[in-house]
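Visitor: Whatever this is, show me its structure:
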Amino acid sequence: MESRRRKSGDKAGGKIMPAALEGSEIVIPAGFRCPISLDLMKDPVILSTGITYDRQSIETWLEGGSFTCPVTKQLLQSADLIPNHALRRMIQSWCVENRDAGIERIPTPRIPVTRSQVAEILSQIESASRRGSPGSCVAVADRIRLLAKESDRSRRCVAGAGAGAALAAAFAAVCDRFVDSEKESAPAAAAEAILAAMNAVAMIDSEAWSHVWTRSCMRRLAWLISGGSLEGVGNAVWALREVLRDDEKILEGDNRKILESTPGLVEGLVRVVREPICPATTKASLEAIVEMASASDRMACRVAEAGLVPVLLEILPDCERGMCEKALAALDLACSRHEGREQAYGHALAVPVLVKKMLRVSSVATELAMSVLWRLSKGANGELVVLEALSVGLFQKLLVLLQVGCDDGAKEKAKDLLKMSNKYRDRLECVDSGDFKNIKRPA
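Guide: Model (predicted):
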């Protein structure tokens, strides 16, 4: 006889029983409990040893590297899980019988997708993209996206079957076939659907992304970023960011030239930052801009010429830590060019907001903000920059920064700024004591 008792506040069928039933007790039959979690099974499956477990519990056990039966300790002959339909129906009947006690009937689980089924679907999108059938590409890509979003297990199964490489290759095939039809709705819809499926799968390696390193793919991404639907813009920005994550790939072969020759790519990303869709897309845009500007002086010039500097200076005052660090990284690269510095000189917020961010956000943000100030101090209006920075507390912040420690490059810039401002140190400084809260010397 089962001695354990479960109160009405426990979980059944993945849902919490009503709190109004507190104080009542129900006995869950031992055979209905998962041997691992001891919870009521929602999707009972039979292991090769004949023992039944809840699917989620046994999959977690197997994914953790254990290949033995938790109950019998026997080495498994197979990792196949067979649905125990008879037991599941018994559990559902028991839930119905006890519904007055607050037990909700567990839903009939969907049969999980298998790798062989995923492989068949992937072959369909490969065939559709090669035939140049945008409608079929959309239909199959949507099916893959829904499978990937069904559950974590389903997403891992889809990814493990090679969906990343298959989808990237399909995207490249569509882009190549319709390279001169960027504004046609059918190819654009196919490209958007494939990118949406890739985003849902998420687990895509660098080798798979190598399919996208073509002129036609970059042109398509640039067009989607500038003129796609809201979801299409977000997925295109995400894809470009993922492609650019591999620094070595950017420098490989003609890849850098492909980036430099793609019209509208930088301008589209700057527009996404200026007219934000959501924080995640804005961050992805900034990351992509940083990667491109870091890899190519020409791209850094395009970033500055696209008017990114005033946009960044407008968003810096109120953004959270992650956004602030990415914005400062992009600003530092833009201000490495003459065009970027000129835009900063003409913006009233430039110096005050940079000094304000020092010692207030993070060590990364502090060093980036100081680097931008250092770049501005080396330009034509350098003396005016130093004077304004001193008036809002730069000198004392530099001293504190050197005391708490920073990397060698930042330390040299801090010393250089101190030398330039030394003759003005007797000027009144407006320092907010809040800037120095929680400042600690590194251990």
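
Visitor: Quick check, pLDDT for C335.
Guide: What the model reports as pLDDT for C335 is 93.

Visitor: now S185
Guide: In this prediction, S185 carries a pLDDT score of 87.

Visitor: what's around it, how many residues?
Guide: 9 (other CB atoms under 10 Å). From N, CA and C alone the C-beta is placed, and that goes for glycine too.

Visitor: Run the chain-centre distance for stretch 171-188.
Guide: In this view, stretch 171-188 has its centroid 26 Å away from the chain centroid, taken as CA atoms, centre = their mean, to the nearest Å.

Visitor: Stretch 262-279 now?
Guide: Mean C-alpha position of stretch 262-279 versus that of the full chain (CA atoms, centre = their mean) differs by 17 Å.

Visitor: Would you mark the buried spots in it?
Guide: 262, 264-274 (16 or more other CB atoms under 10 Å).

Visitor: now stretch 219-233
Guide: Result for stretch 219-233 [16+ other CB under 10 Å]: buried residues 219-226, 228, 232-233.

Visitor: end to end, how far does that stretch reach?
Guide: 14 Å (CA to CA, to the nearest Å).

Visitor: Can you show me the strands along this structure?
Guide: 6-7, 11-12, 15-16, 25-26, 44-46, 52-54, 82-83 (DSSP state E).

Visitor: Could you count how many residues lie near L244?
Guide: Under the neighbour criterion other CB under 10 Å, L244 is assigned a count of 21.

Visitor: how far away is it from W238?
Guide: Using CB to CB, to the nearest Å, L244 is found at 11 Å from W238.

Visitor: next one: N98
Guide: Per CB to CB, N98 is found 46 Å from W238.

Visitor: Check E342 too.
Guide: E342 sits 32 Å away from W238 when distances are taken as CB to CB.

Visitor: picking that back up, higher neighbour count, N98 and W238?
Guide: Set N98 next to W238 and count neighbours by other CB under 10 Å: W238 wins out with 21 against 16.

Visitor: Let me see the contact set for the more buried one.
Guide: By CB atoms under 8 Å, 6 or more residues apart in numbering, the contact list for W238 reads 195, 199, 281, 284.

Visitor: Restricted to buried residues, select the residues you listed in ChimeraX.
Guide: The ChimeraX command for the buried members of these (criterion: 16+ other CB under 10 Å) is given here:
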select :195,199,281,284
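
Visitor: Closest one of the contacts of W238 to I46?
Guide: Nearest to I46, judged by CB to CB, of these is N199 at 35.3 Å.

Visitor: Just want to check the distance between that closest one and F171.
Guide: From N199 over to F171 (counting by CB to CB), the distance is 12 Å.

Visitor: Now do A443, the pLDDT please.
Guide: pLDDT, A443: 44.

Visitor: Correction: the previous question concerned N422.
Guide: 79.

Visitor: Count the residues that sit near it.
Guide: N422, neighbours per other CB under 10 Å, totals 11.

Visitor: number of nearby residues for G64?
Guide: Using other CB under 10 Å, G64 has 8 other residues around it.

Visitor: dump the residue contacts of it.
Guide: With CB under 8 Å, 6+ apart as the criterion, no residue contacts G64.

Visitor: Can you convert the contacts of W238 into CSV and add a column each for distance to R298 and pLDDT?
Guide: CSV is the format used below for the contacts of W238 (distance: CB to CB, whole Å; pLDDT from 0 to 100):
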residue, distance to R298, pLDDT
L195, 26, 97
N199, 29, 95
T281, 25, 95
A284, 22, 96
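
Visitor: Would you check that S48 makes contact with L75?
Guide: No. Here S48 lies out of contact with L75, judged by CB atoms under 8 Å, at a distance of 9.7 Å.

Visitor: More neighbours: those two, which one.
Guide: Neighbours were counted for S48 and for L75 using other CB under 10 Å; S48 has more, 15 against 10.

Visitor: any idea which of the contacts of W238 is closest to K423?
Guide: Checking the contacts of W238 one by one against K423 (CB to CB), the nearest turns out to be A284, at 43.9 Å.
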